[in-house]
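Undergrad: what follows is a predicted structure for the sequence shown.
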Amino acid sequence: MNKLSSLFGSRRTWAWPYVLFLILFVVLPLLLIVYYAFTDHSGSFTIMNFVKFFHTSEAINTLVYSLAIAMITTIVCLLLGYPAAYIMATAEFKTPAVMAMLFILPMWINFLLRTLATVELFNMFGLPLGEGALIFGMCYDYLPFMIYPIYNTLQKMDRSLIEAAEDLGANRREVFVKVILPLSVSGIYSGIVMVFMPTVSTFAIAELLTHNKITLFGSLIQRSFGEGGITMWNYGAALSLIMLLIIALTSFFDQGDSDDSQKSGII
Amino acid sequence: MTTTFSSAQIEAQNRARRLRAKQVGGQAYLWLLLVVLYAPILLIIIFSFTKSKVLGNWTGFTIQLYENLFTGYDATTQVRVDPNLYRAVFFTFLIALIAATVSTILGTLAAIGIFNMKQKARRSIQFLNSIPMINPDILTGISLFLLFVFFGISRGLTTVCIAHIVFCTPYVVLSVMPRLTKMNPNIYEAALDLGATPMQALRKVLMPELWPGMVSGFILALTLSIDDFGVTFFTKGSGGLETLSTFIYADARKGGLTPELRPLFSLIFIVTLVLLIAINIRAAKQKKNK
């Protein structure tokens, strides 16, 4: 009993249930993706799933196309979001918190419904559903993810640095390029990662925004698990592994910023 | 001397004017972005007050859709509102409550444990903790799908709840962690020294300190769970379990959304709006009082 209570008293052990949970439901499932990707339907080792991917031009084209769409979306979000975050962080608002909240609030509406409403908006104005609608819809869905981290870093920035630069004779452009921009780099990285990752992996939005005209890599993966049937799972796992690598590479971008709480700070 | 003074004055005036013009321009830009961001939501709210089947086709003002939503059937046509919609609403909130509750308990305990670990163990667990946050929903969904399939676990309510706990708990850990850093590390030991059992010390000393972090973690978990589509899609199985997200997806693929979704989401939006404003006002007041 004494032993038990001392074990409980050591607070380190309180994390054990969660560690076990993480191993069972995060690490093991990811290993299973690798396992399925390198086996065939009967369970024996094969690299055919990847060979198939590299021999299907449609699959490769879809991947390249998805990467391009995600990059364009990220760039548009950055171009639209940076000025917004900058204005919010620097302008003298009576209630800057309310302004920041207004940008985050739309995210509280189910994103599928928001996307469908965007589709209706396009229909109302007689605009065609296609690439344009896709990029607009994705920017619309993920712009807050770009604004929020940039706004956060800009807000935490030490204002006296700007004054110092001005006192030392820098003009406005120099102040921006040499002081403000470098100081907000970590926010920009976070924003890029937070927009790029969901856009490169999305599967429902593209279907809805283009009426199935455009297939993104995410939809390709989804299809091999949905309509493909059991025989396609291994191929789907291989595609997932490729996606996982892209995500892992992208997340290296975000290493500089240890402030993981970007998203949790939303509330 | 006087001339330089006045020119400096003029310069200052000009600068102030430029600054004001810039601010007005900047604010205009922000409002423009907000108008675009809110346009689709406004569209949903506006068209919740007309009865047309499709959004964008105004057939006159009526609150009939709201009535349909609450009574469960259309009084004029005697057609029932899809009962699956109500099931989806029920399961959305049930899953969100279960996932948020479990992940708040699991995550808070984990945060306390991680906080008391040595640097090395701490880092590796924090890395593990960040995986579900970095992983896109499709990968979380597929990896869990494969897990359940591999071990022959039939998918349904339980698997969806487990999946939601997977992606919710990291955020709870992250919201509780800062409270621990701020807390005086000795008060827990002090409570033990004064004769409290670990359980009492947890309840009476740790919990009150961590409470705000737990609450914001809980709320965040709720919203993440309610909004999720990708993970639910792969873990719900084919037993007919639907949440609002998967219901909307299936509905949209069939062509044409159930019109009653419009009043439903208008209501959800208004309620969250009021809640958020209330939370923010309270937070602002607390800040002032300090």
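TA: Everything's here; your move. Please read these numbers as outputs of a predicted model, since none were measured by experiment.
Undergrad: which single residue in the stretch 101-250 of chain B comes nearest to chain A?
TA: B:Gly113 (2.6 Å; Cβ to the nearest Cβ). Bear in mind the C-beta positions are built from the backbone N, C-alpha and C, glycine included.
Undergrad: not counting its neighbours along the chain, what's nearest that residue?
TA: Sequence neighbours aside, A:Ala15 is the residue nearest to B:Gly113 in space, at 2.6 Å (criterion: Cβ to Cβ, 6 or more residues apart in numbering or on different chains).
Undergrad: can you report how many residues neighbour that neighbour?
TA: Other residues near A:Ala15 come to 25 when the count uses other Cβ atoms under 10 Å in any protein chain shown.
Undergrad: same question, A:Thr73
TA: Other residues close to A:Thr73 by other Cβ under 10 Å number 27.
Undergrad: likewise the one 4 residues further on?
TA: When neighbours are counted by other Cβ under 10 Å, A:Cys77 registers 27.
Undergrad: just to confirm, which helix or strand has it in it?
TA: helix A:57-90 (DSSP states H and E).
Undergrad: okay, buried residues for that helix please.
TA: Within helix A:57-90, the residues scored as buried using 16 or more other Cβ atoms under 10 Å in any protein chain shown are A:59, A:62-63, A:66-67, A:69-70, A:72-74, A:76-78, A:80-90.
Undergrad: which elements pack onto it?
TA: helix A:48-55, helix A:96-104, helix A:131-156, helix A:185-201, helix A:217-225, helix A:233-252, helix B:2-46 (3 or more Cβ pairs under 8 Å, 6 or more residues apart in numbering or on different chains; DSSP states H and E).
Undergrad: I figured A:Ala100 hits A:Tyr151, correct?
TA: Yes: in this structure, A:Ala100 is within contact of A:Tyr151 by Cβ atoms under 8 Å, at 6.1 Å.
Undergrad: tell me the contacts of the residue in chain A that chain B sits nearest to?
TA: Relative to chain B, the nearest point of chain A is A:Ala15 (2.6 Å; Cβ to the nearest Cβ). Neighbouring residues of A:Ala15 by Cβ atoms under 8 Å, 6 or more residues apart in numbering or on different chains: B:109-114, B:117, B:125.
Undergrad: among those, which ones are buried?
TA: B:109-114, B:117, B:125.
Undergrad: how many neighbours does A:Phe54 have?
TA: 9.
Undergrad: find the nearest non-adjacent residue to it, please.
TA: A:Ile60 (6.8 Å).
Undergrad: wait, the one you found sits on A:Phe53?
TA: Yes: look at A:Ile60 against A:Phe53 with Cβ under 8 Å: they come within range, at 7.2 Å.
Undergrad: please see if stretch B:7-19 touches chain A.
TA: No: judged by Cβ under 8 Å from any Cβ of the partner chain, stretch B:7-19 stays clear of chain A, getting no closer than 9.6 Å.
Undergrad: can you list the residues that contact that stretch?
TA: Contacts of stretch B:7-19 (Cβ under 8 Å, 6+ apart): none.
Undergrad: go through that stretch and flag the buried ones.
TA: So stretch B:7-19, judged by 16+ other Cβ under 10 Å, has zero buried residues.
Undergrad: sorry, back to before: redo the helices and strands packed on helix A:57-90 as JSON lines? Include mean pLDDT and distance to B:Leu146.
TA: Output for the helices and strands packed on helix A:57-90, formatted as JSON lines (pLDDT from 0 to 100; distance: least, Cβ to Cβ, whole Å):
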{"stretch": "helix A:48-55", "mean pLDDT": "89", "distance to B:Leu146": "14"}
{"stretch": "helix A:96-104", "mean pLDDT": "76", "distance to B:Leu146": "34"}
{"stretch": "helix A:131-156", "mean pLDDT": "89", "distance to B:Leu146": "27"}
{"stretch": "helix A:185-201", "mean pLDDT": "90", "distance to B:Leu146": "16"}
{"stretch": "helix A:217-225", "mean pLDDT": "90", "distance to B:Leu146": "9"}
{"stretch": "helix A:233-252", "mean pLDDT": "90", "distance to B:Leu146": "7"}
{"stretch": "helix B:2-46", "mean pLDDT": "79", "distance to B:Leu146": "35"}
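Undergrad: who wins for proximity to B:Arg253 among those helices?
TA: When the helices and strands packed on helix A:57-90 are compared by Cβ to Cβ, helix A:217-225 sits nearest B:Arg253, at 12.2 Å.
Undergrad: where does A:Phe45 fall, phi/psi-wise?
TA: phi -60, psi 140 (degrees, to the nearest 10).
Undergrad: so where's the stretch 151-290 of chain B shaky on pLDDT?
TA: For the stretch 151-290 of chain B, the stretches flagged by pLDDT under 70 are B:287-290.
Undergrad: and the strands in it, which stretches?
TA: Here the stretch 151-290 of chain B has no strands by DSSP state E, counting those that start in this stretch.
Undergrad: could I get the full set of helices for it?
TA: B:157-182, B:186-193, B:198-201, B:207-227, B:230-235, B:244-254, B:261-289 (DSSP state H, counting those that start in this stretch).
Undergrad: the first one packs against which elements?
TA: Under the contact criterion of 3+ Cβ pairs under 8 Å, 6+ apart, helix B:157-182 touches helix A:16-22, helix B:83-115, helix B:119-134, helix B:137-150, helix B:207-227, helix B:230-235.
Undergrad: can you list contacts of the fifth one?
TA: Right, helix B:207-227. A:107-108, A:110-111, A:264, A:266-267, B:92-93, B:95-97, B:99-101, B:103-104, B:107-108, B:111-112, B:164, B:167-169, B:171-180, B:183, B:187, B:244-245.
Undergrad: tell me the buried residues in the helix or strand that A:Leu32 is a member of?
TA: Following DSSP H and E, one finds A:Leu32 within helix A:28-37. By neighbour count on 16+ other Cβ under 10 Å, the buried set for helix A:28-37 is A:28-30, A:32-33, A:35-37.
Undergrad: may I ask which two of those are separated the most?
TA: A:Leu28 and A:Ala37 (14.9 Å).
Undergrad: okay, buried residues for stretch B:113-133 please.
TA: B:113-117, B:122, B:125-126, B:128-133.
Undergrad: how about residues contacting it?
TA: A:10-16, A:18-19, A:22-23, A:26-27, A:30, A:260, A:263, B:110, B:140, B:166-167, B:169-171, B:173-174, B:177, B:180-181.
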